[in-house]
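K.L.:
task: produce atomic coordinates for the following.
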Amino acid sequence: MSDVIEPVEMLDDEEGMDEDGTEALKAKATKRRGRGFGGDKLAGRSQEEDVDHDALAAGGREGPQRSVEGWILIVTNVHEEAQEEDLQNAFSEFGALKNLHLNLDRRSGFVKGYALIEYETFKEADEVRKAMNGAEVVGQRVEVDWAFKKGEAAGRAGRQGSGSGGGGGSSSRGARRRGRSPE
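P.N.:
Here you go, the predicted model:
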C-alpha cells in the first residue's frame, strides 16, 4: 500500500528549514493511507446503520429465480450409474427439456449424484419439481428443487449438518491430520 502526501503551501519564514525546505513541508503535510481517503465519513457510522446486502439482493421477493435462459432445477441423489437418457425419459413427461447437465466423476466415470435440468417456462419447471420430488429414477429416490433461490428460502437451514463446508474442517473422507512443528 502506498502513502500519499498532500502538498501544502510553502511558508515564507525561514524558521526550521534546511537547505531545500523539506522540513517545513514534511511538518505541514498530511499523510493518508488506504483507498479513497474517505475514512472520516465512515468512522461515525454505527453498526445499526450498516446495510444488509443479502436483503437488498433478494429485492424483497423470496423463492425461485430465473437464470439467464430459463428455469433450472437441481436433481440430487441421482444413482451413480444413471445415464442422460434415463433422466430425459423421466423428466420430459412434463415438458420439453431445454438443457440437461449430468456431471461425471473423472476418476470413476460414474455420475456425481446430481443433475441440472433447465425448462423454458416456470410452469413446466414447477410441475416437474412438485411431481418428481421423491420419485424413483433408476431405482433411487431423487430430490428436486430450484437451483437458484433468493431470500430465506435460499438459506442454509436445510443443509446445516451436511459435513464440512470447505476449508479447514475435517471430514470423514481423506482427512489428514498434521502434527505440530517442533519448537
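K.L.:
need the next SSE after the longest helix seen in the chain, C-terminal direction.
P.N.:
Using DSSP state H, we find that the single longest helix of the chain is helix 122-132. Toward the C-terminus, helix 122-132 is succeeded by strand 136-137 as the next helix or strand (DSSP states H and E).
K.L.:
residues in contact with stretch 69-86?
P.N.:
Contacts with stretch 69-86, where a contact means C-beta atoms under 8 Å, 6 or more residues apart in numbering, come from 64, 87, 91, 98-100, 102, 108, 110-111, 113-122, 124-126, 128-129, 132, 137-148. Yep, even glycine has a C-beta here, placed from its N, CA and C like the rest.
K.L.:
then stretch 108-120?
P.N.:
Contact with stretch 108-120 is made by 67, 69-82, 87, 91, 95-105, 125, 128, 147, as judged by C-beta under 8 Å, 6+ apart.
K.L.:
buried among those residues? Need that as a selection in ChimeraX.
P.N.:
Isolation of the buried members of the contacts of stretch 108-120 (16 or more other C-beta atoms under 10 Å) is achieved in ChimeraX through the command below:
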select :70,71,72,73,74,75,78,79,82,87,91,97,98,100,102,125,128,147
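K.L.:
before we move on, the earlier item: packing partners of the longest helix of the chain?
P.N.:
strand 63-64, strand 71-76, helix 84-91, strand 111-119, strand 143-146 (3 or more C-beta pairs under 8 Å, 6 or more residues apart in numbering; DSSP states H and E).
K.L.:
helices or strands up against the next helix or strand after the third one?
P.N.:
The one in question is helix 84-91. Using DSSP H and E, the helix or strand that follows helix 84-91 towards the C-terminus is strand 97-104. Other elements packing on strand 97-104 under the criterion 3+ C-beta pairs under 8 Å, 6+ apart are helix 84-91, strand 111-119.
K.L.:
make it 10 Å
P.N.:
strand 71-76, helix 84-91, strand 111-119, helix 122-132 (3 or more C-beta pairs under 10 Å, 6 or more residues apart in numbering; DSSP states H and E).
K.L.:
circling back: turn the helices and strands packed on helix 122-132 into a markdown table, including distance to residue 35 and mean pLDDT.
P.N.:
Listed next are the helices and strands packed on helix 122-132 as a markdown table, based on distance: least, C-beta to C-beta, whole Å; pLDDT from 0 to 100:
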| stretch | distance to residue 35 | mean pLDDT |
| --- | --- | --- |
| strand 63-64 | 37 | 84 |
| strand 71-76 | 37 | 95 |
| helix 84-91 | 49 | 93 |
| strand 111-119 | 39 | 94 |
| strand 143-146 | 38 | 95 |
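K.L.:
what's the most buried one of the ones you listed?
P.N.:
For the helices and strands packed on helix 122-132, average neighbour numbers computed from mean count of other C-beta atoms under 10 Å are highest in strand 71-76, which has a mean of 20.
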